[in-house]
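S.K.: Next input, structure requested:
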Amino acid sequence: MNADKSNVTFEPKTRSSTDPAPLQTSRNVQMWPWVNWGVALSTVPASAIVMLFALGAVMSTDGCADHDCPNLGNGGIDFGVAFYGAPLVAFVVIVISFFTAKRRKGIVVPLLGWALLVADVVVMAASVAG
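M.R.: Predicted coordinates:
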């Protein structure tokens, strides 16, 4: 009932399965952008670690010649891609996260960046394994 108009009543509307879901304002939904940004920003120190790994991998092949390191891989390490690609991945992840951080599937961007950084380390490790 309403105090001004005593004949007006408000009945609760029963929801059917075809009605849209109400907006979720739970703590879990509010936390996802923070998780997304945490994972996105963690690609920066990860890229620094990848750069150090690339530098160590190249330095480990410094004394190699054809007869010293026959299993160096196909042409050795492409140092430019391995070394400068890691900070580029972190930069691109952070820039794209500005647009995708609040979206439901926005976590895919930083996870893809992490996958690229891990793949960089795997390729470098396979190139110098021997």
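S.K.: helices or strands next to the strand or helix carrying residue 84 in the packing?
M.R.: Counting by DSSP states H and E, the element that carries residue 84 is helix 79-100. Counting by 3 or more Cβ pairs under 8 Å, 6 or more residues apart in numbering; DSSP states H and E, the packing neighbours recorded for helix 79-100 are helix 27-41, helix 43-60, helix 108-128. In this view, the C-beta of every residue, glycine as well, is placed from N, C-alpha and C.
S.K.: Just the residues contacting it, thanks.
M.R.: Helix 79-100 has contacts (Cβ atoms under 8 Å, 6 or more residues apart in numbering) with 36-37, 40-41, 43-44, 46-48, 50-51, 54-55, 57-58, 106, 108-110, 112-113, 116-117, 120, 123-124.
S.K.: Which among those residues count as buried?
M.R.: Applying 16 or more other Cβ atoms under 10 Å to the contacts of helix 79-100, the neighbour count classes 36-37, 40, 43, 46-47, 50-51, 54, 57-58, 106, 109-110, 113, 116-117, 120, 124 as buried.
S.K.: mean confidence score for the helix holding residue 84?
M.R.: Helix 79-100 comes out with an average pLDDT of 91.
S.K.: Distance of residue 120 relative to residue 113?
M.R.: Distance of residue 120 to residue 113, given as Cβ to Cβ, to the nearest Å: 11 Å.
S.K.: can you list the helices and strands packed on helix 79-100 in CSV and add distance to residue 84 and mean pLDDT?
M.R.: Listed next are these as CSV, based on distance: least, Cβ to Cβ, whole Å; pLDDT from 0 to 100:
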stretch, distance to residue 84, mean pLDDT
helix 27-41, 20, 83
helix 43-60, 8, 89
helix 108-128, 11, 90
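S.K.: would you turn those helices into JSON lines with distance to residue 82?
M.R.: Shown next, in JSON lines, are those (distance: least, Cβ to Cβ, whole Å):
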{"stretch": "helix 27-41", "distance to residue 82": "22"}
{"stretch": "helix 43-60", "distance to residue 82": "4"}
{"stretch": "helix 108-128", "distance to residue 82": "5"}
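S.K.: Tell me, how many residues neighbour residue 87?
M.R.: With neighbours defined by other Cβ atoms under 10 Å, the count for residue 87 comes to 15.
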